[in-house]
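**Student:** Have a look at this fold, sequence not included:
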């Protein structure tokens, strides 16, 4: 029983890592642009397919494929911001509709390019780190955890130690005041969406050898990400990270000891419970950002 408990903790830590990357990217886009991006799960899917195309099909090094996924999905995000999201900046409903349209387009393109079959690619390493007898963690999962900590740490430093990081935070807190201070809202939006998309893309790329890749794989991820940002507080990056950990542990433990479907229901009940006690979420405020 002790071994199963420890193994579940290890699995939950892995799930929290990639979910935090996706949720933080989603929060960043909403915080700066005020747009709820339903296509964010498809950015995750694109990152996974970059690894399928480059690592599995072309046999390029795995890390190079992951880096390519990060850059490619980040560029897709920048193009999306310029052509679709920016014209809808002051129209939240229009932005929502546009993001749903983008979701369908990206799914269709993935289906045309790769088909609807589930791709399963071997991880670059089959090694397992044994923590104790009966408890181990595959090195690939460990890499996801390390990468998530590294990327989230780098994002924190960027937001709190660089000029454009301050600009993004100011834009999220008060767009009008930020614009009056000379901050380019277009540039801030481009950076926010680029980084947010890249984080989702690298999460998909890192987990591609551990999950089955298919055009609709973003559905479950985006649902979990929305639950996470609502629990953490819409617009709060710190809340998204904490809520990702809480949600991943609750979902993983319920899945392991009860049932996966029940785990989905418990996740929704967790969100409802938090909203009843604190309608703005754990770290949210009444104002956006």
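**Tutor:** Nice, thanks for sending it over. As the structure is a computational prediction, the values presented were derived from the model and not from experiment.
**Student:** Residue 111 touches residue 215, doesn't it?
**Tutor:** Yes - using Cβ atoms under 8 Å, residue 111 is in contact with residue 215, at 4.7 Å. Any C-beta I mention is one placed from the backbone N, CA and C, and that applies to glycine too.
**Student:** neighbour-wise, which of those two wins?
**Tutor:** More neighbours surround residue 215 than the other of residue 111 and residue 215, with 22 against 13 (other Cβ atoms under 10 Å).
**Student:** hang on, the more buried one in a helix?
**Tutor:** No - counting by DSSP: H, G, I helix; E, B strand; the rest coil, residue 215 is not part of a helix but coil.
**Student:** and the residue nearest to it when sequence neighbours are not counted, what does it touch?
**Tutor:** Setting aside the residues directly before and after it, residue 215 is nearest to residue 110 in space (Cβ to Cβ, 6 or more residues apart in numbering), at 4.0 Å. Listed by Cβ atoms under 8 Å, 6 or more residues apart in numbering, the contact partners of residue 110 are 42, 45-46, 49, 215.
**Student:** 7 Å - rerun?
**Tutor:** Going by Cβ atoms under 7 Å, 6 or more residues apart in numbering, residue 110 touches 45, 49, 215.
**Student:** And the pLDDT for residue 183?
**Tutor:** pLDDT, residue 183: 86.
**Student:** measure the residue nearest to it when sequence neighbours are not counted to residue 110 for me?
**Tutor:** Of all residues not flanking residue 183 in the chain, residue 167 sits nearest, at 4.7 Å (Cβ to Cβ, 6+ apart). Going from residue 167 to residue 110 by Cβ to Cβ, to the nearest Å gives 34 Å.
**Student:** Then residue 151?
**Tutor:** Between residue 151 and residue 110 the distance is 24 Å, computed by Cβ to Cβ.
**Student:** With residue 269 instead?
**Tutor:** 32 Å.
**Student:** Next: residue 79.
**Tutor:** Using Cβ to Cβ, residue 79 is found at 17 Å from residue 110.
**Student:** Report the mean per-residue pLDDT for the one helix or strand residue 30 maps to.
**Tutor:** Using DSSP states H and E, residue 30 falls within helix 2-33. Averaged across helix 2-33, the pLDDT comes to 92.
**Student:** Just give me how far that helix sits from the chain centre.
**Tutor:** Relative to the chain's own centre, helix 2-33 is displaced by 8 Å; criterion: Cα atoms, centre = their mean, to the nearest Å.
**Student:** So which bits of it are buried?
**Tutor:** Within helix 2-33, the residues that count as buried by 16 or more other Cβ atoms under 10 Å are 7-8, 10-33.
**Student:** so where does the residue nearest to residue 215 fall, helix or strand?
**Tutor:** helix 92-114.
**Student:** The helix or strand following that helix: partners in the sheet, and parallel or antiparallel?
**Tutor:** The first helix or strand that comes after helix 92-114 along the chain, using DSSP H and E, is strand 128-132. In the sheet, strand 128-132 lines up against strand 135-138 (antiparallel) (DSSP bridges).
**Student:** what about the residue lying closest to residue 169 once chain neighbours are set aside, how many neighbours?
**Tutor:** Leaving aside its chain neighbours, residue 169 sits nearest to residue 159 (5.9 Å; criterion: Cβ to Cβ, 6+ apart). Residue neighbour count, defined by other Cβ under 10 Å, stands at 18 for residue 159.
**Student:** Surely residue 159 is in contact with residue 165?
**Tutor:** Yes - Residue 159 is within contact range of residue 165, at 4.0 Å (criterion: Cβ atoms under 7 Å).
**Student:** if we can go back for a sec, quick one: list the elements packing against the helix holding residue 30.
**Tutor:** helix 40-51, strand 135-138, helix 139-161, helix 163-173, helix 185-207, helix 218-232, helix 237-257 (3 or more Cβ pairs under 7 Å, 6 or more residues apart in numbering; DSSP states H and E).
**Student:** Now do it and helix 40-51, the angle between them.
**Tutor:** Angle, helix 2-33 to helix 40-51, by axes from the mean of the first three to the mean of the last three Cα atoms, to 10 degrees: 110 degrees.
**Student:** List the contacts of residue 252.
**Tutor:** Residue 252 sits next to 8, 11-12, 15 when contact means Cβ under 7 Å, 6+ apart.
**Student:** Near residue 104, how many other residues are there?
**Tutor:** Neighbour count for residue 104, taken as other Cβ under 10 Å: 12.
**Student:** just the one 10 residues further on next, same as before
**Tutor:** Neighbourhood size, residue 114 [other Cβ under 10 Å]: 16.
**Student:** what about this structure, any weak spots by pLDDT?
**Tutor:** Within the chain, the set of residues satisfying pLDDT under 70 comprises 285-289.
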